[in-house]
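A.B. asks: Just need the structure, nothing else, for what follows:
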Amino acid sequence: MGKQTTEMLKGTLEGIVLAILAVRPAYGYEITARLRDEGFSDIAEGTVYALLVRIEQRGLVDVEKVPSEKGPPRKVYTLNAQGGEYLEEFWKTWSFLAERIEQLHHRIERTNDEPTNEEGE
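C.D. replies: All right, here's what the predicted structure looks like:
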């Protein structure tokens, strides 16, 4: 994954994780595995855990400690109502930005495809 992709992903990863939790509750490693299944293979587990701490502190998820067969209890994250509202706003913002970027991209491509005065003469 290139630096530009990494930078863009930083701004959207929170919404992506909340979208994963909207499907069903999950613990940290499971969220990382789902991200990898969705093609985000270069995301480090540490990045996901730091993000989970932030969204927990912001009250976007509920957390339940569930006993684990191996080791300490797992923290299972569940999207709550506040997180659902945040996710809904994320999707609206994402749609708005994606639409504007796509329009700009097409406009620039059309401009680049037009012949210059020298070519058109």
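
A.B. asks: and the nearest residue to residue 35 once chain neighbours are set aside, backbone torsions?
C.D. replies: Spatial nearest neighbour of residue 35, excluding adjacent residues (C-beta to C-beta, 6 or more residues apart in numbering): residue 43 at 5.3 Å. Placement of C-beta: from N, CA and C, glycine included. Dihedral pair for residue 43: phi -80, psi 120, per degrees, to the nearest 10.

A.B. asks: mind checking how far residue 43 is from residue 101?
C.D. replies: Using C-beta to C-beta, to the nearest Å, residue 43 is found at 22 Å from residue 101.

A.B. asks: The residue nearest to residue 35: neighbouring residues, count only.
C.D. replies: When neighbours are defined as other C-beta atoms under 10 Å, residue 43 has 20 of them.

A.B. asks: Helix or strand with the lowest mean pLDDT in the protein?
C.D. replies: helix 117-120 (a mean of 56; mean pLDDT, DSSP states H and E).

A.B. asks: Pretty sure residue 78 sits in a strand.
C.D. replies: Yes - the assignment for residue 78, made by DSSP: H, G, I helix; E, B strand; the rest coil, places it in a strand.

A.B. asks: List the contacts of it.
C.D. replies: For residue 78, the contacting residues are 21, 25, 61, 62, 63, 64, by C-beta atoms under 8 Å, 6 or more residues apart in numbering.

A.B. asks: Please indicate which of these are buried?
C.D. replies: For these, a burial check counting by 16 or more other C-beta atoms under 10 Å picks out 21, 25, 61, 62.
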